[in-house]
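Peer 1: Provided below are the primary sequence and the corresponding predicted coordinates.
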Amino acid sequence: MGLKLYSEEDIQEIANAIRLKRGSTSAYSISEMASQLSDLHGTDYIYSYFTKTLQTLNFSDISYIKHYFFFNQTSLLKLSAPNCLSIGSSAFYSCTALSEIYSPSVSSIGSYAFYSCSNLVSANFPLCTSIGWYTFQGCYNLVSANMPSLSVSLPQYAFAYCSSLAAADFPLCSIVERGAFMYCTALSSINFPICSSVGSSTFLRCSSLTTADFSSCINIGGNAFQYCIGLVSISFPICTTIGPYAFLGCSSLTTANFPSCTSMSMSAFMSCYNLREANFPVCTTIKESTFCRCSSLSSISFPLCSYIGSYAFAYCSALTEVDFSLCTILYNGAFEYCYSLIQVSFPICTTLRQNTFMACSKLSEANFPSCTSIYGGAFSGCWSLDSVSFPICIYVGSSAFQYCSSLSIISFPSCSIIYSSAFYRCFNLLSLYLMGSSVCTLSNVNAFTSTPISNYTTSTGGVHGSIYVPASLYDTYIASTNWATYSARFVSV
């Protein structure tokens, strides 16, 4: 059966025909046709299009409003169906004038049922246990939703773009799916006491939300609270995983305390500018950019963390001290531009990737007893760095210590190669100790450009720097490629 168009007169004729067939001669009024309209059925859905004059309907006996039944009926203002048990998919799709529906017995509502009903003010379905995808999406004037019996799952985008919705209270809901409340900009109160999973983008840009308390949640999906700029307090005591961008841009959030979280995905708290404290006692993995640009972050605790991704704490300009006793590798830019960082502790870290501590201008000491590789730019721009210890380091990358203008002495007992610009503009570098059992390769003579080891002595009062090497290797060093340029600077020990 194809698409059928019904005017008011057509439907009244059908209903009167039904009554006549049943032995009655009295006519129906348009508001008395509930049971007769429910008799309309077929192998395909019947789409009912009423004339634009229809505004109020009272269906006292109807038990099921079929799919698409009032699709795009833009003049419908009010509907009463007190005994209706089920509302089909797209039943009121784009009924833009609909402001009131009374149907207290409904137990299920299909997908898109009230999609874009932009004047609907309240959704009161106290016995409803299930709704479909996009059910109330685009109901911009929806202020309240009363569905205390809704259980198991709140489907995808169910209330998305309901920009007037102030509260969400779903005491029996255990899963909130993707985008369920995204762009609900007036949403300020939420209650999900048994919810175990918050899907991706669930509360995206809910700018009025101030508190998120999920005592039973174990998983937070990507973008779940992204740009909730009013969010001040969060509580997830048993949450184990946090998805990418979950709290990105939550600029009012001050504390992140996740006692059960074991891993976080990339950019989870990026640009939380007022975040001051982060406590993750059992977290083992911090992915890329997790706390990047958290410019107020001053206290962090990750005693079990063994992995720190690229830019994880980049631009955390209030961070003064970090201690990661189990971390073995620091990836690119992990702490770059942490301007206030003074003290770091990584006792078993073996590798510093590119720009790890770049522009940490207050860092004065770097002690890495297990580090074997320092990649390019790792300490570039650490102007206050004056003490370093890398007893087993064998690799110093390009620009690794460039602009470390306070560094005066450095020792590499095991170094096997130094790359270009490694100590560029280390204006006070007077002593370099290379005490390994074999000659360290110098890849480019510019490794010491603008240092006292080359010809820059402005900062040292005309005093040149020295390169100290074992006496047994002295002759080899001064004859070696690139090292020969600095033959006058070598001192045998």
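Peer 2: Arrived safely.
Peer 1: count the neighbours of residue 250 for me.
Peer 2: For residue 250, the number of neighbouring residues by other CB atoms under 10 Å comes to 27. From N, CA and C alone the C-beta is placed, and that goes for glycine too.
Peer 1: just checking, it touches residue 272?
Peer 2: Yes. Counting by CB atoms under 8 Å, residue 250 does reach residue 272; the two are 5.1 Å apart.
Peer 1: so residue 320 versus residue 302, what's the distance?
Peer 2: Computed as CB to CB, to the nearest Å, the residue 320 to residue 302 distance reads 16 Å.
Peer 1: which one's more surrounded, those two?
Peer 2: Looking at residue 320 and residue 302 with other CB under 10 Å, you find the greater number of neighbours at residue 302, namely 22 against 13.
Peer 1: which residue, other than its chain neighbours, is closest to residue 209?
Peer 2: Nearest-residue entry for residue 209: residue 228, 5.0 Å, with adjacent residues in sequence omitted and distances by CB to CB, 6 or more residues apart in numbering.
Peer 1: in this structure the one you found contacts residue 251, no?
Peer 2: No. Taking CB under 8 Å as the contact criterion, residue 228 and residue 251 are not neighbours in contact, 9.1 Å apart.
Peer 1: quick one, which of those two is more surrounded?
Peer 2: Higher neighbour count among residue 228 and residue 251: residue 228, with 26 against 16, using other CB under 10 Å.
Peer 1: which element, helix or strand, includes the more buried one?
Peer 2: Per DSSP states H and E: residue 228 is located in neither a helix nor a strand.
Peer 1: quick one: residues contacting it.
Peer 2: Residue 228 is in contact with 203, 205, 206, 207, 209, 212, 247, 249, 250, counting by CB atoms under 8 Å, 6 or more residues apart in numbering.
Peer 1: can you lay out those residues as TSV showing pLDDT and secondary structure?
Peer 2: Compiled in TSV, the contacts of residue 228 are given as follows (pLDDT from 0 to 100; DSSP: H, G, I helix; E, B strand; the rest coil):
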residue	pLDDT	secondary structure
203	98	coil
205	98	coil
206	98	coil
207	98	coil
209	97	coil
212	95	strand
247	98	coil
249	98	coil
250	98	coil
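Peer 1: buried subset of those residues as a ChimeraX selection?
Peer 2: Selection command for ChimeraX covering only the buried members of those, criterion 16 or more other CB atoms under 10 Å:
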select :203,205,206,207,209,212,247,249,250
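Peer 1: which of the contacts of residue 228 lies closest to residue 437?
Peer 2: Using CB to CB, the shortest approach to residue 437 within the contacts of residue 228 belongs to residue 247, at 51.0 Å.
Peer 1: quick one: contacts for the nearest residue to residue 249 once chain neighbours are set aside?
Peer 2: Excluding its sequence neighbours, the residue lying closest to residue 249 (CB to CB, 6+ apart) is residue 227, at 4.2 Å. Contacts for residue 227 were tallied using CB under 8 Å, 6+ apart; they are 204, 205, 207, 248, 249, 250.
Peer 1: so the residue nearest to residue 209 versus residue 436, what's the distance?
Peer 2: Between residue 228 and residue 436 the distance is 54 Å, computed by CB to CB.
Peer 1: ok, residue 55 touching residue 79?
Peer 2: No. The pair residue 55 and residue 79 does not pass the contact test of CB under 8 Å, sitting 9.9 Å apart.
Peer 1: of those two, who's got more company?
Peer 2: Set side by side, residue 55 and residue 79 show more neighbours around residue 79, with 22 against 14, by other CB under 10 Å.
Peer 1: from the contacts of residue 227, which two are the most distant?
Peer 2: Using CB to CB, the two most remote members of the contacts of residue 227 are 207 and 248, lying 13.7 Å apart.
Peer 1: before we move on, the earlier item: which one of the contacts of residue 227 sits closest to residue 370?
Peer 2: residue 248 (33.4 Å).
Peer 1: so residue 487: helix, strand or coil?
Peer 2: In three-state terms, and counting by DSSP: H, G, I helix; E, B strand; the rest coil, residue 487 is helix.
Peer 1: which parts of the chain are helices?
Peer 2: In order along the chain, the chain carries the following helices (DSSP state H): 8-21, 34-37, 474-479.
Peer 1: which of the ones you listed has the lowest average pLDDT?
Peer 2: Lowest mean pLDDT within the helices of the chain: helix 34-37, a mean of 48.
Peer 1: so the nearest residue to residue 146 once chain neighbours are set aside versus residue 157, what's the distance?
Peer 2: Once flanking residues are discounted, residue 146 sits nearest to residue 124: 4.7 Å by CB to CB, 6+ apart. With the distance defined as CB to CB, residue 124 ends up 21 Å from residue 157.
Peer 1: ok, those two, which is more surrounded?
Peer 2: residue 157 (24 against 16).
Peer 1: let me know the pLDDT of that one.
Peer 2: As summarised for this prediction, residue 157 has a pLDDT of 98.
Peer 1: wait, it touches residue 179, no?
Peer 2: Yes. In this structure, residue 157 is within contact of residue 179 by CB under 8 Å, at 4.4 Å.
Peer 1: pLDDT below threshold where in the stretch 151-300 of the chain?
Peer 2: Within the stretch 151-300 of the chain, no stretch has pLDDT under 70.
Peer 1: thought residue 376 was touching residue 354?
Peer 2: Yes. Between residue 376 and residue 354 there is a contact under CB under 8 Å: 4.8 Å.
Peer 1: what's the overlap in contacts for those two?
Peer 2: Counting by CB under 8 Å, 6+ apart, the common neighbours of residue 376 and residue 354 are residue 397.
Peer 1: how about residue 387: what's its closest non-neighbour residue?
Peer 2: residue 365 (4.6 Å).
Peer 1: I meant residue 111, not that one.
Peer 2: With CB to CB, 6+ apart as the criterion, residue 111 has its nearest non-adjacent residue at 3.1 Å, and that residue is residue 132.
Peer 1: do residue 395 as well
Peer 2: Excluding its sequence neighbours, the residue lying closest to residue 395 (CB to CB, 6+ apart) is residue 373, at 4.2 Å.
Peer 1: for residue 258, same thing?
Peer 2: Sequence neighbours aside, residue 280 is the residue nearest to residue 258 in space, at 5.3 Å (criterion: CB to CB, 6+ apart).
Peer 1: the one you found: what's it in contact with?
Peer 2: By CB under 8 Å, 6+ apart, the contact list for residue 280 reads 256, 258, 261, 264, 301, 302, 305.
Peer 1: of those, grab the buried ones for PyMOL.
Peer 2: Of these, the buried ones can be selected in PyMOL as follows, counting by 16+ other CB under 10 Å:
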select buried, resi 256+258+261+264+302+305
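Peer 1: could I get the contacting residues of residue 306?
Peer 2: For residue 306, the contacting residues are 284, 285, 326, 327, 328, by CB under 8 Å, 6+ apart.
Peer 1: among those, name the buried ones.
Peer 2: By neighbour count, with 16+ other CB under 10 Å, the contacts of residue 306 hold 284, 285, 327 as buried.
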